[in-house]
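# got a structure for you, letters missing:
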Ligand SMILES: [Mg+2]
């Protein structure tokens, strides 16, 4: 099968009306800011040869959607560029796009373009575009002293599953945090609580104290919960007098600590200094 035929299959599967020209023509609505996130998804780093193509497709999009959720946004379009190593590219592509488009349809995201080529190892680059009312995007830099720090769901779930878990992007929660709780800062937990909270504190130029029990996933250790990545839950801060419900659409929201003054980025865990030690591709070679 040649490239044209493969692209035709992708168009048919995605039922996207945006494919076919040299560029996608997108029309953001007036009064909105556009959110754009890009992620590399590499065999040997983000998935292994054992990952099914359909899981790879779903996970690839889920990571991008999680970034949109972290900003309180609504996802609209995605672009997927693929370098394929598979010996049976037609089947691999069918399954990859099956995984991807099932999740895309669920969240009303249109496949707006991409590229396709062959390579020695499989790699995907995904771009997701979303929207948020002008000036209302949640950021990492808005936390204030005394704000309560919360996480959604359970921590360490991905680490306990050897990173085979496919994350569920917390889009409804991100929107709720922006519209109803007026979260002061937010990000998704992609690289582990310790490293991600450190990053949020650096951007907000403040420190953080974790002084409450963490919601640890069954089967996960405390280390998995503190340092394990890829949970794709939301980490957020709210003003201290904010009434945060115990759950949102069945998802637990748990206060784990408080934003404090101190050297920017410094963390304490029950009074002791906590070093950020989550996933950093420049420090670790472990395939995830
Ligand atoms: Mg992120």
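Now that the structure is in, tell me what you want to look at. Keep in mind that what you see is a predicted model, and the values were worked out from it rather than measured.

# all strands of the chain, in order?
For the chain, the strands defined by DSSP state E occupy 32-42, 74-84, 110-118, 123-133, 148-152, 185-188, 207-210, 234-238, 247-248, 251-260, 267-269, 272-273.

# What average pLDDT does the first one get?
Taken as a whole, strand 32-42 has an average pLDDT of 95.

# try the last one
Taken as a whole, strand 272-273 carries a mean pLDDT of 96.

# Partner strands of that strand and their direction?
strand 267-269 (antiparallel) (DSSP bridges).

# related to what we said a few turns ago, can I get the strands of the chain in JSON lines including mean neighbour count and distance to the ion?
In short, each C-beta sits where N, CA and C put it, glycine included. What follows is the strands of the chain, written out as JSON lines (neighbours: other C-beta atoms under 10 Å; distance: least, C-beta to the ion, whole Å):
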{"stretch": "strand 32-42", "mean neighbour count": "16", "distance to the ion": "7"}
{"stretch": "strand 74-84", "mean neighbour count": "22", "distance to the ion": "14"}
{"stretch": "strand 110-118", "mean neighbour count": "17", "distance to the ion": "21"}
{"stretch": "strand 123-133", "mean neighbour count": "21", "distance to the ion": "11"}
{"stretch": "strand 148-152", "mean neighbour count": "24", "distance to the ion": "14"}
{"stretch": "strand 185-188", "mean neighbour count": "25", "distance to the ion": "4"}
{"stretch": "strand 207-210", "mean neighbour count": "22", "distance to the ion": "18"}
{"stretch": "strand 234-238", "mean neighbour count": "27", "distance to the ion": "10"}
{"stretch": "strand 247-248", "mean neighbour count": "14", "distance to the ion": "19"}
{"stretch": "strand 251-260", "mean neighbour count": "19", "distance to the ion": "18"}
{"stretch": "strand 267-269", "mean neighbour count": "19", "distance to the ion": "18"}
{"stretch": "strand 272-273", "mean neighbour count": "8", "distance to the ion": "25"}
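
# tell me, which of these is the model least confident about?
strand 110-118 (a mean of 91).

# For that strand, name the packing helices and strands.
helix 3-14, strand 74-84, helix 89-106 (3 or more C-beta pairs under 8 Å, 6 or more residues apart in numbering; DSSP states H and E).

# what's next to the first one, contact-wise?
If I follow you right, that is helix 3-14. By C-beta atoms under 8 Å, 6 or more residues apart in numbering, the residues outside helix 3-14 that reach it are 19-20, 89-90, 93-94, 97-98, 101, 104, 110-111, 116.
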